[in-house]
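Asker: Turn this into a model:
(chains A, B, C and D)
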2 protein chains.
Amino acid sequence: MAEPGAPASVKEFEERLLDVALSLPKRLKQCADYVAANIDRIAVSTVAEMAEAAGVQPSAFMRFCQIMGFSGYSEMQRLFRESYVGGWPDYATRLDHLREMGENSGPRLLAEFVDAGRASLENLLNTVDPTALEQAVEVLAGANLIHIIGLRRSFPVASYLAYAFEKMQVPAMLHSVAGRLDSTSAIRPGDALLAVTFSPYSAETLDLVELVRGRDVPVVALTDASVNPLRKLGAVTLTVSEVDFGAFRSLSATLCLAIALSTAVGAQRRS
Amino acid sequence: MAEPGAPASVKEFEERLLDVALSLPKRLKQCADYVAANIDRIAVSTVAEMAEAAGVQPSAFMRFCQIMGFSGYSEMQRLFRESYVGGWPDYATRLDHLREMGENSGPRLLAEFVDAGRASLENLLNTVDPTALEQAVEVLAGANLIHIIGLRRSFPVASYLAYAFEKMQVPAMLHSVAGRLDSTSAIRPGDALLAVTFSPYSAETLDLVELVRGRDVPVVALTDASVNPLRKLGAVTLTVSEVDFGAFRSLSATLCLAIALSTAVGAQRRS
DNA sequence: CCGAATTTGGAATTTCTGTTCCATTTTGCT
DNA sequence: AGCAAAATGGAACAGAAATTCCAAATTCGG
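Answerer: Numbers count the residues shown, from 1 in each chain, chains lettered A, B, ... in the order given. Predicted structure coming up:
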C-alpha cells in the first residue's frame, strides 16, 4: 500500500511538491499550485472537489497524486487525515490568540491589521454611493485615455489602477512627479482624469485636478470622507473610509474599490 | 436536503447534543459520548470508523445522526467539513458566472470584491507562518538598508512598502526597472532584499534575488503559495494566497501583510 | 412472568467516489 | 510542415461508503 517513494509527513509532502512543481505541464502545475495554496483542504475534500477547484479534470488530479508518489488520491488523503490534529480554531479564536502575543511582534500586528482591514471592507459597502460609482464607470468608460494620478500614500493605488487598465487593454496613463516631468499636455479633451488622494491632500494632485477641470476634462476622485476640495471642482467623488490601526492606515478598502472600478470600466468598454 | 431542524453551526450542534444526550438509550448514548469527546473526527472519518470507535454498529450511528436532526451521516459531516475549511466559496467560478451573465455593474462587482477581500484576509491568518514572519522582521530590522523590488502586479505593494519605511525613517530603497537603470551595485553586504513577486514571477525579480544571494545578502520574499523558485534560493518566504483571476486579483491580503511587516520592522528598529 | 414497544445487530441495497482506460489534442523536435 | 511523444478530457468501471430494512434481542409495564 505505502509506495516506496511516498511522502510520509506533511513536511516531506511540501518538499516533494517544491521539487516536482517546476517541471510539470500546465494542468498538473495547476494542481500543484492549488494544492500548495489549499493544502489543508485535502483532508476534507473529494477528488472531484479538488479537481474542480483547481480547474482540471479528476483524472488529471489523479495523475498529480501519482506523481507525488502516492498510489492514488485516497492514499494521499490518508496522510492529511492522519496528521489532522483536531479542529483548527476558527477565525475569531485565532485572532485572539495572535493578539496575546508580544506587544509589537509581527504576528500580533498582523492580527490587528487583518481586523482593521476586514472592518474597512465591511464599511466600504456602506460608504460608497452606488450611483456615484456607476457614474464614475460611465465617465471613465467613455474616455479616450484615462489619466491616473496619486502620490505618496495613494501611489500604490494609482499604480495598481494603471496595471489593471493595461491588463484589460484600456488606454491609461500613470502620471507621476518623478523627475519633475509634468505630462500635463498629454491630457486632452475627450480624456478623463482619475485622481486618488487622501488627507493630507498633495498639492500636485489638487493642482492637476484644477488644471484639467479648466479644460473641461471630467474627473473621478477616489478619496476619503473628509470634506475635500475635489467636490467643489465638479469631480465625481468616491468616498472610502479606512479603519486605521495606530498611526497606520490599511489600503484594503481603497484597493478593493479600485479593482471593482477598473474591472467595471473594462467590462463596459468591451460591450 | 437541509432538514428543518438541523444544526447550522458547530455551536448549534453542541447545544443540541446536550439536549438529547440524557434521554438516549444505551447504544445511542455511546454515540453521543464519543462524538462529544471527539467532535473534530467527524470531518475526516467514515461512519464505519466512527461507529467502531464508539463501539456500536454503523446503523446505530446513522440513527444517532438522524436524532441530531440530519438526514444522515453525510449531511452531518458536511457541516464539519465546511466549518473546517472556513468555507470560502469558489470565487474563480463565481466571477466566471458573473462574467457570463454579463452582470458587470460597478456596485455588483464591488460587492463581489469586498466579499473576496474579506475571505482573503481571514485566510491570511492561516497561510502566514508566524515563525517565518518573525524571522522576516528580524532579518529586515537588522539590515543597514532595505532594498525593495516588486514589478508589475507587485509594484503597488513594493511602492507601499517603500512609503511605509520612509514614514518610519527606516532606510529603504525602491528598485524599479524604469529607464533600465539597474542599481544593483547599491546592494551591499549588511543590507537585505525584500522581494515581492507573484505567479507569473517576473524574471527581473528572480534574477535580482539570485544575484544578491550570491553576495550573501539575506532575502525576504512576499509571494503566493504556488510553489516557486524563491524558497530554493534560501529566502525567508511569507506566503499569501489570494483569489487570482486574470487581471482581477485583489491585493487586500498582500497589502495587509506588507503593512504588518513594515510596522513590525519599524517598531523593532526603534527599540 | 407475559406481551407490546423499543432498541439493536447485521446483512442487503443503493448511491457516490476513486480509479482506469483510451481517443483526441497539444507539444516539441527534426 | 510533419511526425512522434506527451498530455489531456471524458466516459466507463470498480470499489467503498452510506443508507435502509427487518429479524432478533432487550426493556418495561401490567
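Asker: Distance from the chain centre to whichever strand or helix holds A:Val265, please.
Answerer: For A:Val265, the host element (DSSP states H and E) is helix A:252-270. Helix A:252-270 has its C-alpha centroid displaced from the chain centroid by 11 Å (C-alpha atoms, centre = their mean, to the nearest Å).
Asker: Next up, the contacts around A:Val177.
Answerer: A:Leu151, A:Glu204 (C-beta atoms under 8 Å, 6 or more residues apart in numbering or on different chains). C-betas here are computed from N, CA, C, even on glycine.
Asker: how much does the helix holding A:Val265 deviate in direction from helix B:252-270?
Answerer: 150 degrees (axes from the mean of the first three to the mean of the last three C-alpha atoms, to 10 degrees).
Asker: wait, does helix A:252-270 contact chain B?
Answerer: Yes - using C-beta under 8 Å from any C-beta of the partner chain, helix A:252-270 reaches chain B at A:Ser252, A:Leu255, A:Cys256, A:Leu257, A:Ile259, A:Ala260, A:Leu261, A:Thr263, A:Ala264, A:Gly266, A:Ala267, A:Gln268.
Asker: Between those, identify the one with the most neighbours.
Answerer: Within the residues of helix A:252-270 next to chain B, most neighbours by other C-beta atoms under 10 Å in any protein chain shown means A:Ser252, with 33 neighbours.
Asker: so that residue sits right up against A:Asn123, yeah?
Answerer: No - at 10.3 Å, A:Ser252 does not count as touching A:Asn123 under the criterion of C-beta atoms under 8 Å.
Asker: need the contact list for A:Gln30.
Answerer: A:Ala54, A:Gly55, A:Val56.
Asker: Now distance to B:Leu194 too, for those residues, in TSV please.
Answerer: Output for these, formatted as TSV (distance: C-beta to C-beta, whole Å):
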residue	distance to B:Leu194
A:Ala54	30
A:Gly55	31
A:Val56	34
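Asker: Highest neighbour count among the residues you listed?
Answerer: A:Ala54 (23 neighbours).
Asker: Report the secondary structure element holding the nearest residue to that one once chain neighbours are set aside.
Answerer: Spatially, and ignoring its direct neighbours in sequence, A:Ala54 is nearest to A:Tyr34 (3.6 Å; C-beta to C-beta, 6 or more residues apart in numbering or on different chains). Applying DSSP H and E as the criterion places A:Tyr34 in helix A:26-37.
Asker: quick one: buried residues of that helix?
Answerer: A:Arg27, A:Leu28, A:Lys29, A:Gln30, A:Cys31, A:Ala32, A:Asp33, A:Tyr34, A:Val35, A:Ala36, A:Ala37 (16 or more other C-beta atoms under 10 Å in any protein chain shown).
Asker: List just the nearest of these to B:Gly234.
Answerer: A:Ala36 (18.7 Å; C-beta to C-beta).
Asker: Residue numbers of the stretch 151-271 of chain A in contact with chain B?
Answerer: Checking the stretch 151-271 of chain A against chain B by C-beta under 8 Å from any C-beta, the hits are A:152-153, A:155-157, A:159-160, A:163-164, A:167-168, A:178, A:246, A:248, A:250-252, A:255-257, A:259-261, A:263-264, A:266-268, A:271.
Asker: please redo it, this time with the cut-off set to 6 Å
Answerer: The stretch 151-271 of chain A has residues A:155-156, A:159-160, A:163-164, A:167-168, A:248, A:250-252, A:255-256, A:259-260, A:263-264, A:267 near chain B, with proximity defined as C-beta under 6 Å from any C-beta of the partner chain.
Asker: need the strands for chain A, in chain order.
Answerer: A:146-150, A:172-175, A:192-197, A:219-223, A:236-239, A:244-245, A:248-249 (DSSP state E).
Asker: List the residue ranges of chain A that fall below the pLDDT cut-off.
Answerer: A:1-4, A:85-92, A:94-95, A:98, A:101-102, A:178-181, A:226-227, A:246-247, A:271 (pLDDT under 70).
Asker: Taking it, what residue is nearest to DNA strand C?
Answerer: Nearest residue of chain A to DNA strand C, counting by C-beta to the nearest atom of the strand: A:Gly72, 2.6 Å away.
Asker: can you count the residues close to that residue?
Answerer: Other residues close to A:Gly72 by other C-beta under 10 Å number 12.
Asker: which helix in chain A runs the most residues?
Answerer: helix A:106-127 (DSSP state H).
Asker: That helix relative to helix A:252-270, how many degrees between them?
Answerer: Using the same axes, to 10 degrees, helix A:106-127 lies at 50 degrees relative to helix A:252-270.
Asker: Quick one: work out the angle between helix A:106-127 and strand B:236-240.
Answerer: Going by the same axes, to 10 degrees, helix A:106-127 makes 30 degrees with strand B:236-240.
Asker: got the angle for the helix holding A:Tyr34 vs strand B:236-240?
Answerer: 100 degrees.
Asker: these two touch, right, A:Leu109 and B:Val265?
Answerer: No - A:Leu109 is not in contact with B:Val265 according to C-beta atoms under 6 Å; the separation is 9.9 Å.
Asker: Which of these two has more residues huddled nearby?
Answerer: B:Val265 (31 against 28).
Asker: Can you give me the neighbour number for the closest residue to A:Ser120 other than its chain neighbours?
Answerer: With C-beta to C-beta, 6+ apart as the criterion, A:Ser120 has its nearest non-adjacent residue at 3.9 Å, and that residue is A:Ala253. Other residues near A:Ala253 come to 28 when the count uses other C-beta under 10 Å.
Asker: Let me know whether A:Ala253 touches A:Leu125 as I believe.
Answerer: No - at 9.6 Å, A:Ala253 and A:Leu125 do not qualify as touching, with contact defined as C-beta under 6 Å.
Asker: so how far is chain B from A:Met76?
Answerer: According to C-beta to the nearest C-beta, to the nearest Å, A:Met76 stands 13 Å off from chain B.
Asker: How many neighbouring residues does the residue nearest to that residue when sequence neighbours are not counted have?
Answerer: Distances taken as C-beta to C-beta, 6+ apart put A:Phe70 closest to A:Met76, at 4.3 Å, once the chain neighbours are dropped. A:Phe70 has 22 neighbouring residues, counting by other C-beta under 10 Å.
Asker: Same question for A:Tyr84.
Answerer: With other C-beta under 10 Å as criterion, A:Tyr84 counts 20.
Asker: Next up, the contacts around it.
Answerer: If you count contacts by C-beta atoms under 6 Å, 6 or more residues apart in numbering or on different chains, A:Tyr84 has them with A:Ala43, B:Val44.
Asker: any idea how far it is from A:Lys11?
Answerer: 15 Å (C-beta to C-beta, to the nearest Å).
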